[in-house]
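1. Quick check, what structure comes out for this input:
(chains A, B, C and D)
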There are 2 protein chains.
Amino acid sequence: MKTTGKIIREKREKKGLLLRHISAELDIDTAILSKIERGERKATREQITKLADILELDKESLLIQYLSEKILYEIQDEDLGIQALKVAEKTIKYGVSKNK
Amino acid sequence: MKTTGKIIREKREKKGLLLRHISAELDIDTAILSKIERGERKATREQITKLADILELDKESLLIQYLSEKILYEIQDEDLGIQALKVAEKTIKYGVSKNK
DNA sequence: TTACATTTGACAATTATTGTCAAGTTAATA
DNA sequence: TATTAACTTGACAATAATTGTCAAATGTAA
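-> Numbers count the residues shown, from 1 in each chain, chains lettered A, B, ... in the order given. Below you'll find the predicted structure:
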């Protein structure tokens, strides 16, 4: 499975950068970045965009992956998750004016 | 637009029940229920299932609606929201083992 | 074994969510 | 119009979730 964390770790290692290099730029402890890369913690949206910049990853792709994980997190262990996803998709396509 | 709040309010009024009747059962202030019905606040998952019981609403349908709103809330004002939804859907269908 | 990178887990700080309360509207009607 | 009951509003308190630090533990290579 491709995950946000794995994408980040892979690219970081490919670039020969250490946790402390990146975490310094993000202004967080290495412990958190370690956890983010291993999927033990979620990054913030801001961290994702910074990481894309620092690691020269495609920002849109990374954000899509990140957001999809946030969505999945919301419906984890919900039997009706898939159906909720479909309703959400229809709603967003339909036109999101919640008036009336 | 059909929303969780509107479904609840409509059914409550159809039953001739007052905010204070329902909010007492939910053990919250009427102010919150009022806000939930008007979409100013989100309900908790527990409140949704209780509301379905109290108002004799179909629990699954109400939960699907509720969850879809939670999802949409996550991606509100995200340009890449729709794409994230699609990725989430694929992931969930594919098989959600995040191993390897 | 020393040195350095990473991981782990307890817990602190911060932020978001959920709630109360009291005062303000609204609408029906005495 | 004055009263009353239902609902709404907004300030703020309580609680819960998230995000962070730190120090010690683990792994790994020289």
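2. CA atoms for contacts and neighbours, from now on please.
-> Fine.
3. and the helix or strand bottoming out on mean pLDDT in chain A with chain B, contact?
-> Sorting the helices and strands of chain A by mean pLDDT, DSSP states H and E puts helix A:81-94 at the bottom, at a mean of 95. Yes - Helix A:81-94 lies within reach of chain B by C-alpha under 8 Å from any C-alpha of the partner chain, at A:81-89, A:92.
4. Now render those as TSV, adding neighbour count and distance to DNA strand C.
-> Converted to TSV, the residues of helix A:81-94 next to chain B look like this (neighbours: other C-alpha atoms under 10 Å in any protein chain shown; distance: C-alpha to the nearest atom of the strand, whole Å):
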residue	neighbour count	distance to DNA strand C
A:G81	22	18
A:I82	20	21
A:Q83	19	21
A:A84	24	18
A:L85	27	18
A:K86	16	22
A:V87	19	20
A:A88	24	18
A:E89	20	20
A:I92	16	19
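5. The least confident helix or strand of chain A packs against which elements?
-> With contacts taken as 3 or more C-alpha pairs under 8 Å, 6 or more residues apart in numbering or on different chains; DSSP states H and E, helix A:81-94 sits against helix B:59-75, helix B:81-94.
6. Keeping just the C-alphas, turn the last one into CSV.
-> Provided in CSV are the C-alpha atoms of helix B:81-94 (Å, rounded to 0.1, in the frame of the first residue of the first chain):
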residue,chain,number,x,y,z
GLY,B,81,-11.5,17.1,-2.4
ILE,B,82,-13.3,15.2,-5.1
GLN,B,83,-10.1,13.5,-6.1
ALA,B,84,-9.4,12.6,-2.5
LEU,B,85,-12.8,11.1,-2.3
LYS,B,86,-12.2,9.0,-5.3
VAL,B,87,-8.9,7.8,-4.0
ALA,B,88,-10.5,7.0,-0.7
GLU,B,89,-13.2,5.0,-2.4
LYS,B,90,-10.7,3.0,-4.5
THR,B,91,-8.6,2.3,-1.4
ILE,B,92,-11.6,1.0,0.6
LYS,B,93,-12.8,-1.2,-2.3
TYR,B,94,-9.4,-2.5,-3.1
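7. phi, psi of A:D27?
-> Here is the backbone geometry of A:D27 (degrees, to the nearest 10): phi 60, psi 50.
8. Next one: it from B:E89, what distance?
-> Separation of A:D27 from B:E89 (C-alpha to C-alpha, to the nearest Å): 33 Å.
9. Any part of stretch A:43-62 near DNA strand D?
-> Yes - legend: contact between stretch A:43-62 and DNA strand D by C-alpha under 7 Å from any atom of the strand is shown at A:43-44.
10. Show the average pLDDT along that stretch.
-> Average pLDDT, stretch A:43-62: 98.
11. Can you get me the start-to-end distance on that stretch?
-> Using C-alpha to C-alpha, the two ends of stretch A:43-62 sit 12 Å apart.
12. which residues sit against that stretch?
-> With contact meaning C-alpha atoms under 8 Å, 6 or more residues apart in numbering or on different chains, stretch A:43-62 is reached by A:4, A:8, A:11-12, A:15, A:22, A:26, A:36, A:63, A:66, B:80.
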